[in-house]
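Test case, fold it:
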Amino acid sequence: MSLLDIRVPAVLLRIDRNPFHHGTLGAVRSLGRAGVDVHVVADSDGSPVRKSRFVRQLHPPPAPGASPAEIVAVLRRVATRIARPAVLIPMDDASAIAAGRLREDLTPAYLLPQQPGALPERVADKAELAEVCAAAGIPHPVTLVPDSAEQAAAATRRLGLPVIAKWSRPWLLPTGSGLRSTVVVRSAQEARELFLRGGEAGSALLLQEFLPPGPDRDWFFHGYADRTGTVRAGGPGRKQRAWPRGAGLTAVGLWTPNPQVQGLAERITGELGFRGIFDLDFRRCGTTGRYHLLDFNPRPGAQFRLFTDSAGLDVVRALHLDLTHRPLPDGAPLAGRAFVVENYAPLSALRPAPRGRELAWSAPDDRGPGLAMWALWCRHVAGRLLDRLHDGGAVQVSPPHSPVPAARGEELTGVAGVPAAPGAPGASGLPGLSGQPDRSDRSDDEKASSC
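Coordinates of the predicted model:
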């Protein structure tokens, strides 16, 4: 008998267009294996997710550039077809922000955590995150928000080159602009030129202190804050491999106990009154040993299935149990458990895993997505190779949504700074939260650390 209330279906919402988003498949399998009907509202026509036997039904997502009213209309149409209340699970930042802002319009058709509607947007905004960190006493890199091109150049001299440049609201980046959510800036002129493109980006430019990379410095924490604010499920993990190397999503992650990271996660969610699933990224400073918060993502991270405990509980199941007023089982952490995204780390997927391992795509009880992924991935790689050869450049195959690679031996890092400058485009409201069509200059989760 399932621990979950299988009378209550789940609706996964993803506005960002990315066929290789393995986190969506993880949520489909997690709930589907427990007997829950899973509906997917996403651009899944070309995605391996559509091949999962655990998908109850696929629904067309909101169109690119959809307004909040149009997002509500799409979800209401889905609710009408389901004809019973469902747990809504946003799978990207734009979806989480929309669900938070539109909570009153979506209930009672959908079950959502109770928290301030603007909170998901506040923590996802990299400019506002620094204020949150300062208030909670969470370390973060020194960040400056320039008001002019000259101030941007001066900031590089103050921070010391190289510096990290981020757009505070990366989900607003327009299609085809070539702008990336996070880049390494190596000269004052680069910073000046980047600032001048702020009108295109739709949000403020942040310049941040560069934290050097090193062994065991990249960490993440996935958790679920229940109705009382207690952090349940999930745990701390260490990134062992990334793709693209040194600047991308987690290709291999390891469940690794870390009381400091866990304490920071519990402190910041408690200070904020956050409720729901969250994914935090940290970088440990090699000089001070302190863990700096890099990103706060108010939804599941793509590798959330890494943290499946001895009772089979993960953050997605925890959400469903809590919102349907069912008790959460007390499972034991499975330290040493690994998660491998096999198209980015194929050799790691073949090595022995004495403490257990889950693959992002391949599963013996759900073979369709894995087979479809490899077919799609081969086409993607071939297309990238042809593009690079045609352009006469060096060939490096990146995922469909990847941040700009750092220089050899360097990694992207940095944390949001202070509030966006008054009047900065995209500084308030909901325009553009519906995301953008698939493009090659953004990561799966709009970050360069732990997607």
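
tell me which element residue 376 falls in.
For residue 376, the element it lies in under DSSP states H and E is helix 367-391.

Low-confidence ranges, the protein, go.
Low-confidence segments of the chain (pLDDT under 70): 1, 246-247, 392-451.

Which stretches in it count as helices?
Counting by DSSP state H, one finds helices in the chain at the ranges 22-33, 68-82, 93-101, 103-106, 119-124, 126-136, 149-159, 188-195, 198-201, 259-272, 315-323, 346-350, 367-391.

closest to residue 179 out of those?
The minimum distance between residue 179 and the helices of the chain falls on helix 198-201, with 5.5 Å, by Cβ to Cβ. Yep, even glycine has a C-beta here, placed from its N, CA and C like the rest.

Of all the residues in that closest one, which ones are buried?
For helix 198-201, burial by neighbour count (16 or more other Cβ atoms under 10 Å) applies to 198, 201.

by contact count, what packs against it?
Helices and strands touching helix 198-201, as assessed by 3 or more Cβ pairs under 8 Å, 6 or more residues apart in numbering; DSSP states H and E, are absent.

Could you tell me how far that helix lies from the centre of the chain?
22 Å (Cα atoms, centre = their mean, to the nearest Å).

Dump that helix to PDB, restricted to CA.
In PDB, the C-alpha atoms belonging to helix 198-201 read as follows (Å, rounded to 0.1, in the frame of the first residue of the first chain):
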ATOM      1  CA  GLY A 198      21.200  45.800 -19.400                       C
ATOM      2  CA  GLY A 199      18.200  47.000 -21.400                       C
ATOM      3  CA  GLU A 200      18.200  43.700 -23.400                       C
ATOM      4  CA  ALA A 201      18.700  41.600 -20.300                       C
END
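
Check this protein for its longest strand and report it.
strand 231-243 (DSSP state E).

now that one against helix 259-272, angle please.
Relative orientation of strand 231-243 versus helix 259-272 (axes from the mean of the first three to the mean of the last three Cα atoms, to 10 degrees): 120 degrees.

Can we start the residue count at 685 from this point?
Sure, I'll start counting at 685 from here, so that last one is strand 915-927.

circling back to that earlier point, which parts of the helix holding residue 1060 are buried?
By 16+ other Cβ under 10 Å, the buried positions in helix 1051-1075 come out as 1052-1054, 1056-1057, 1060-1061, 1064, 1068.

export those to JSON lines and tack on distance to residue 752?
Below are the buried residues of helix 1051-1075 laid out as JSON lines (distance: Cβ to Cβ, whole Å):
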{"residue": "1052", "distance to residue 752": "34"}
{"residue": "1053", "distance to residue 752": "31"}
{"residue": "1054", "distance to residue 752": "36"}
{"residue": "1056", "distance to residue 752": "33"}
{"residue": "1057", "distance to residue 752": "33"}
{"residue": "1060", "distance to residue 752": "32"}
{"residue": "1061", "distance to residue 752": "35"}
{"residue": "1064", "distance to residue 752": "32"}
{"residue": "1068", "distance to residue 752": "35"}
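
and which of those is nearest residue 735?
Looking across those and measuring by Cβ to Cβ, the closest to residue 735 is residue 1052, at 3.3 Å.

Can you get me a residue count around the closest residue to residue 768 other than its chain neighbours?
Leaving aside its sequence neighbours, residue 768 sits nearest to residue 693 (Cβ to Cβ, 6 or more residues apart in numbering; 6.9 Å). By other Cβ atoms under 10 Å, 20 other residues sit near residue 693.
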